[in-house]
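Pasted the sequence and its predicted model underneath.
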Amino acid sequence: MPTIGETVSDLTLRFAAAGIDNPRLDARVLTAHVLDLPPEGLFSRAGDPFPTAQAAALDAVVARRLRREPVSRIRGFREFYGLDFQIGPATLDPRPDTETIVEAALRLRVPGKAAQILDLGTGSGCILLAILSAWPEARGVGIDLAADAVEVARGNANRLGLAQRATFVQGDWCEGLIGRFDVIVSNPPYIPDGDIPSLEPEVCDFEPPAALRGGKDGLDAYRALAPQFPARLEAGGTVLLEVGQGQAQDVAEILAAHELPHAAFYEDLGGVTRVVAASVRV
Ligand SMILES: C[S@@+](CC[C@H](N)C(=O)[O-])C[C@H]1O[C@@H](n2cnc3c(N)ncnc32)[C@H](O)[C@@H]1O
């Protein structure tokens, strides 16, 4: 019977041979997941025999990873903005770059002043819930076309203790929505359709297509959303949109054509312009 440490080493070699990035990290996280330990808990157990009762479970998760299913999907959870989010087949696996839009929204916070936030294409609810976790006076609505994503987002709100301030509904962007919001955030699908087959298998084989497909040039969702914003924004309100690499200027122009002049760009930690901010012309 191999030890836990030997099991991690063996998996590392198998993942590396399969061309998986970060093979040792994935081997550690998946071994810890099967043993129901935090990854750092493996060190003190490295010399213990790997329990026979867990061998089949480990084989199953290893087979999934070798088919390039992401570790976060195998575990069913992704950490985002320091919070744990459940994810599922209908939700995007949240990206660290998307924390940029959370940071941009939190810059708009006026302590003590109530605010209404709208998150369009909410997926797991990660953007809205991360904002609400750090903005106690805010309440928000998250909308997604995928009913299963809405269920996942509601579950995340409950687990994070934010359900009193977050409402999740199924819908097609702002269709049928009433009311106005101080901040509208969205990370819409923005990958040009033709680029999707060449993305890494973790993305093109496992992300829900509705979370990726941005049309021929990647900008379809921005064109659909922009005309809907003026009627949904409070006076002085702000729209914050995540964009793909190289899309910021085009998206700013789409917004400007619908009474929303560009106000600011925000970069992600990699220096890519990731968020376009705009406000209604007054
Ligand atoms: C790129 S994902 C973002 C998910 C989540 N906000 C995040 O950042 O991880 C885009 C989301 O938009 C949703 N979506 C696509 N078209 C939509 C539409 N017409 N109305 C509402 N949501 C839509 C997708 O289902 C998907 O959850």
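All right, it came through fine.

Please list the residues of this protein that sit near the ligand.
Selection of the chain residues close to the ligand by Cβ under 6 Å from any ligand atom yields 92, 94, 98, 121-124, 126-127, 143-146, 149, 172-173, 187-189, 210-211. The way it works is simple: take the backbone N, C-alpha and C, and place the C-beta from them, glycine included.

which of those residues are buried?
Among those, those buried by neighbour count (16 or more other Cβ atoms under 10 Å) are 92, 94, 98, 121-124, 126-127, 143-146, 149, 173, 187-189, 211.

Can you show me the helices along the stretch 1-150 of the chain?
For the stretch 1-150 of the chain, the helices defined by DSSP state H, counting those that start in this stretch cover 4-17, 23-35, 55-66, 71-75, 99-106, 126-134, 147-159.

What are the contacting residues of the longest one?
Translated: helix 4-17. Residues lying outside helix 4-17 but in contact with it, judged by Cβ atoms under 8 Å, 6 or more residues apart in numbering, are 2, 23-24, 26-28, 30-31, 35, 42, 45-50, 58, 62, 65-66.

now with 10 Å?
When contacts are taken as Cβ atoms under 10 Å, 6 or more residues apart in numbering, the neighbours of helix 4-17 outside the stretch itself are 1-3, 20-32, 34-35, 37, 39, 41-51, 54-55, 58, 61-62, 65-66.

Just the buried ones from these, in PyMOL syntax?
The buried residues among the contacts of helix 4-17 can be selected in PyMOL (16+ other Cβ under 10 Å) with this line:
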select buried, resi 20+23+26+27+28+29+30+31+32+34+35+42+45+50+58+61+62+65
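
Give me the residue at the spatial middle of the protein.
Geometric centre of the chain, nearest residue: residue 94, 2.1 Å, by Cα atoms, centre = their mean.

My read is that that one contacts residue 78, right?
Yes: judged on Cβ atoms under 10 Å, residue 94 makes contact with residue 78 at a distance of 5.3 Å.

Overlap in contacts, the two.
Between them, residue 94 and residue 78 have 72, 85, 87, 124, 126 as joint contacts when contacts are counted by Cβ under 10 Å, 6+ apart.

contacting residues for the second one?
Residue 85 makes contact with 72, 76-79, 91, 93-94, 123-126, 129-130, 152-153, 155-156, 159-160 under the criterion Cβ under 10 Å, 6+ apart.

So how do I select the buried members of the residues you listed in PyMOL?
Remark: buried members of those, expressed as a PyMOL selection using 16+ other Cβ under 10 Å:
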select buried, resi 72+77+78+91+93+94+123+124+125+126+129+130+152+153+155+156+160
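
List the beta-bridge partners for residue 84.
According to DSSP bridges, the partner residues bridging residue 84 are residue 79.

what about it, how many neighbours?
Around residue 84 there are 12 other residues, counting by other Cβ atoms under 10 Å.

Of all the helices and strands in this protein, which has the lowest average confidence?
Ranked by mean pLDDT, DSSP states H and E, the weakest helix or strand in the chain is strand 262-267, scoring a mean of 90.

How is this structure partitioned into domains?
When the chain is parsed into structural domains using automatic domain parsing, the resulting residue ranges are 4-67, 78-279.

Tell me who's in contact with the residue lying closest to residue 89 once chain neighbours are set aside.
Counting by Cβ to Cβ, 6 or more residues apart in numbering, residue 89 lies nearest to residue 208, which is 6.6 Å off, once chain neighbours are set aside. Shown here is residue 208, whose contacts under the criterion Cβ under 10 Å, 6+ apart are 88, 89, 90, 91, 92, 93, 123, 146, 148, 149, 189.

what's the answer for residue 228, then?
Residue 228 makes contacts with 120, 173, 174, 175, 177, 184, 258, as judged by Cβ under 10 Å, 6+ apart.

And it, what's its pLDDT?
Here, the pLDDT recorded for residue 228 equals 97.

now swap in residue 281 and tell me
Note for residue 281: predicted pLDDT of 66.
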